[in-house]
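[1] Build me a model:
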Amino acid sequence: MTYQNTFAPPDAEENKLLRKHYFRLAWIMIVLVLIFSGLNTLIMTISSGIMGGGFTEECIKAGKQILRSTPVMSAIYSYGFPIAADIAALGIGLLITKADLKSKLKTPGLNGKGFLNATSMTFSVATIASFVNVFLIFAIMAAMGKLSDFSIEKTSSASIAPKGNPLWLDVLIYIYICLLGPILEELIFRGVLLEGLRKYGNLFGIIMSAVLFGLMHQNIAQCLPAMAIGLVWGYIAVKSGSLIPSIFLHILNNTMSAVLLVVMQSVNLSNLSNISALLNASLSLIIISGIISLFRLVCVIGSIVIIVRYASSAHGKLVETNGYTNARTWKYLFTSLPWIAVIGYLLVTTVTSISQLA
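    Numbering: from 1, shown residues only. Okay, the predicted model is just below:
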């Protein structure tokens, strides 16, 4: 990317082009939100009303219970709409940004050492952000006077695949969570969205794509860790020119989380009366969680070494920025009505999701 020699602010003609650029770019997130949340909620409400025998609050609530108790219907609403939203947003993004994703998927982007560094940074920032997130939720619950309702278990997804699902449905759900979902999300957030946002500055693109990635989870328990990981993956995508590293690390991250949740769901701790029975029943959980914890600890230590080496070397800024880029990024995004609407909606849904923890 080349910049003009002058850092002069945009003139009237360029101002129009910048406004148009951010307005068009917002449609990636608008389509994603409309299908993921809007269309999903609308169809869910209509279907619930029909199933419940009316459109009163009681009937809709009863209808939702019926739909959620049906494995196939529950999976459609939980995973079918996100897939449709991702595909639609990716298509819109490709039309708007003209991003050459094919070239970004041909090269691995990183050598062996670079990939190890990326892995260390990914899981170290995720681990630290998760701890910070727990304390943040703890503080919010305390401020709300609901500290007695707080539990660490509630800060993670309670279930991925509800019990009673047929095997084929569980397989499809885990394929989405551990493979298809990560690939689509990387193509959207580190592919087309980052490509459009970094047109006038890499730092701006990396930060905003990470913020939007975190907020799009619409879950306060996942928002901060997702943002932290998004920063690392965005930086990797920009510096390497490839989406392969972030796709692989996203798949690894989701698979590790899914395996841990599956093991946790298979252990019924409520019926255990003594320490011996507890240890026998939860041995698999202890082993899996121990391996994951050790892996994350190694990543944290590795990241400290990476940061110390970087700080002691003669490197410049991690991501360059200047007056030219600053004058064409933050101001235009945060004064664009579509972006204000999208970010505002995602902030509200993320913050209000704390009620699910009570």
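
[2] Residue 104 contacts residue 245, correct?
    No. Using C-beta atoms under 8 Å, residue 104 is not in contact with residue 245; the gap is 10.5 Å. (Glycine included, C-beta is placed from N, CA and C.)

[3] Quick one: mean pLDDT over stretch 39-59.
    For stretch 39-59, mean pLDDT is 88.

[4] Then stretch 68-79?
    80.

[5] how distant is it from the center of its chain?
    21 Å (C-alpha atoms, centre = their mean, to the nearest Å).

[6] do the same with stretch 200-212
    With C-alpha atoms, centre = their mean, you get 14 Å for stretch 200-212.

[7] Likewise for stretch 129-140?
    17 Å.

[8] then that stretch to PDB, C-alphas only?
    This file holds the C-alpha atoms of stretch 129-140, laid out as PDB (Å, rounded to 0.1, in the frame of the first residue of the first chain):
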ATOM      1  CA  ALA A 129      -8.500 -12.500  27.800                       C
ATOM      2  CA  SER A 130     -10.600 -15.300  29.200                       C
ATOM      3  CA  PHE A 131      -9.400 -14.700  32.700                       C
ATOM      4  CA  VAL A 132      -9.900 -11.000  32.300                       C
ATOM      5  CA  ASN A 133     -13.400 -11.700  31.000                       C
ATOM      6  CA  VAL A 134     -14.300 -13.800  34.000                       C
ATOM      7  CA  PHE A 135     -13.300 -11.000  36.400                       C
ATOM      8  CA  LEU A 136     -15.100  -8.400  34.300                       C
ATOM      9  CA  ILE A 137     -18.300 -10.500  34.400                       C
ATOM     10  CA  PHE A 138     -17.700 -11.000  38.100                       C
ATOM     11  CA  ALA A 139     -17.500  -7.200  38.600                       C
ATOM     12  CA  ILE A 140     -20.600  -6.600  36.600                       C
END
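
[9] list residues touching both of residue 104 and residue 245?
    residue 237 (C-beta atoms under 8 Å, 6 or more residues apart in numbering).

[10] list the buried ones in stretch 244-264?
    By 16 or more other C-beta atoms under 10 Å, the buried positions in stretch 244-264 come out as 244-254, 256-258, 260-264.

[11] Likewise for stretch 38-52?
    Within stretch 38-52, the residues scored as buried using 16+ other C-beta under 10 Å are 40, 44, 47-49, 51-52.

[12] next one: stretch 175-191
    Buried, per 16+ other C-beta under 10 Å, within stretch 175-191: 176-178, 180-191.

[13] So which of those residues are in strands?
    Of the buried residues of stretch 175-191, none are assigned to strands by DSSP state E.

[14] Let me know the closest of those to residue 339.
    residue 189 (15.3 Å; C-beta to C-beta).

[15] residues contacting that closest one?
    209, 212-213, 216, 230, 234.

[16] ditto for residue 260
    Residue 260 touches 288-289, 292, counting by C-beta under 8 Å, 6+ apart.

[17] Report the buried members of those.
    288, 292.

[18] just curious, which of the contacts of residue 260 is nearest to residue 109?
    Nearest to residue 109 out of the contacts of residue 260 is residue 292 (C-beta to C-beta; 25.8 Å).

[19] How about residue 72, nearest residue that isn't a chain neighbour?
    residue 169 (6.6 Å; C-beta to C-beta, 6 or more residues apart in numbering).

[20] helices and strands around the helix or strand that contains residue 90, which ones?
    Assigning secondary structure by DSSP states H and E places residue 90 in helix 81-97. Where contact means 3 or more C-beta pairs under 8 Å, 6 or more residues apart in numbering; DSSP states H and E, helix 81-97 is packed against helix 12-33, helix 181-186, helix 194-197.

[21] what about 10 Å?
    Using 3 or more C-beta pairs under 10 Å, 6 or more residues apart in numbering; DSSP states H and E, the elements in contact with helix 81-97 are helix 12-33, helix 40-52, helix 101-104, helix 181-186, helix 194-197.

[22] what's the angle from it to helix 40-52?
    Here helix 81-97 runs at an angle of 150 degrees relative to helix 40-52 (axes from the mean of the first three to the mean of the last three C-alpha atoms, to 10 degrees).

[23] Next, the buried residues of helix 81-97.
    Across helix 81-97, burial judged by 16+ other C-beta under 10 Å covers 81-83, 85-86, 88-90, 92-94, 96-97.

[24] Would you reformat the residues you listed as TSV and include distance to residue 32?
    As requested, the buried residues of helix 81-97 are arranged in TSV below (distance: C-beta to C-beta, whole Å):
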residue	distance to residue 32
81	11
82	9
83	12
85	5
86	7
88	8
89	4
90	9
92	9
93	9
94	14
96	13
97	14
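
[25] nearest to residue 324, of those?
    For the buried residues of helix 81-97, the nearest to residue 324 is residue 97 (20.5 Å; C-beta to C-beta).

[26] these two touch, right, residue 28 and residue 22?
    No. At 11.2 Å, residue 28 does not count as touching residue 22 under the criterion of C-beta atoms under 10 Å.

[27] Check the offset of the longest helix seen in the chain from the chain's centre.
    Across the chain, the helix with the greatest residue count (assigned by DSSP state H) is helix 112-143. Distance, stretch centre to chain centre, for helix 112-143: 13 Å (C-alpha atoms, centre = their mean).

[28] and that helix, average pLDDT?
    Averaging pLDDT along helix 112-143 gives 90.

[29] next one: stretch 220-237
    For stretch 220-237, the mean per-residue pLDDT is 94.

[30] low-confidence ranges in the stretch 201-350 of the chain?
    266-281, 314 (pLDDT under 70).

[31] can you map out the strands along it?
    Under the criterion DSSP state E, counting those that start in this stretch, the stretch 201-350 of the chain contains no strands.
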